[in-house]
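*Asks:* Fold the following and give me the result.
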Amino acid sequence: MPYDAALDDKLFNKAFEGEGTRVSVSVYSYNKGAKKLQISRENYSAEGEARFAKLGRLTKPELVAILPFLQEAISQMD
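*Replies:* Residues are numbered from 1 along each chain as shown. Down below sits the predicted model:
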């Protein structure tokens with residue numbers, strides 16, 4: 001069965017905007033299945049366009065900023 005975006009429900013999403021980057025914490029449920037956490041990064045180009053990037057390593061300010069989002073996401077996964 002191929003992936004169907006219409007079956008993917010975004011239950012929670014918060015993002016931290018830093019210098020030229022955005023780190024998002026989201027909770028998804030696909031086809032009413034198990035709730036799963038996703039952490040993603042987008043980098044901004046010189047023109048201001050957001051582009052998906054590998055999350056890779058987090059800086060301390062990024063981690064401190066998203067920690068409350070992670071705690072809130074956990075409560076959404078009950």
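*Asks:* Where does the prediction get shaky in the chain?
*Replies:* Filtered on pLDDT under 70, the chain yields no residues whatsoever.
*Asks:* Which stretches in it count as helices?
*Replies:* All helices of the chain, identified by DSSP state H, fall at 60-76.
*Asks:* My guess is residue 45 contacts residue 52. True?
*Replies:* No. In this structure, residue 45 is not within contact of residue 52 by CB atoms under 8 Å, at 11.9 Å. Yep, even glycine has a C-beta here, placed from its N, CA and C like the rest.
*Asks:* Just give me the neighbour total for the closest residue in space to residue 31 that isn't next to it in sequence.
*Replies:* The shortest distance from residue 31 to any non-neighbouring residue, by CB to CB, 6 or more residues apart in numbering, is to residue 7 (4.4 Å). Per other CB atoms under 10 Å, the neighbour tally for residue 7 reads 12.
*Asks:* and if you look at residue 68?
*Replies:* Taking other CB under 10 Å as the definition, residue 68 ends up with a neighbour count of 12.
*Asks:* check contacts around the residue nearest to residue 30 when sequence neighbours are not counted.
*Replies:* With CB to CB, 6+ apart as the criterion, residue 30 has its nearest non-adjacent residue at 5.2 Å, and that residue is residue 8. By CB atoms under 8 Å, 6 or more residues apart in numbering, the residues touching residue 8 are 28, 29, 30.
*Asks:* Report how many residues lie close to the first one.
*Replies:* By the other CB under 10 Å criterion, the neighbourhood of residue 28 contains 16 residues.
*Asks:* Isn't it up against residue 34?
*Replies:* No. Checked against CB under 8 Å, the pair residue 28 and residue 34 is beyond contact range at 9.7 Å.
*Asks:* Run through the bridge partners of the nearest residue to residue 45 once chain neighbours are set aside.
*Replies:* Leaving out its chain neighbours, the residue that sits closest to residue 45 by CB to CB, 6+ apart is residue 51, at 6.3 Å. Per DSSP bridges, the residues bridged to residue 51 are residue 43.
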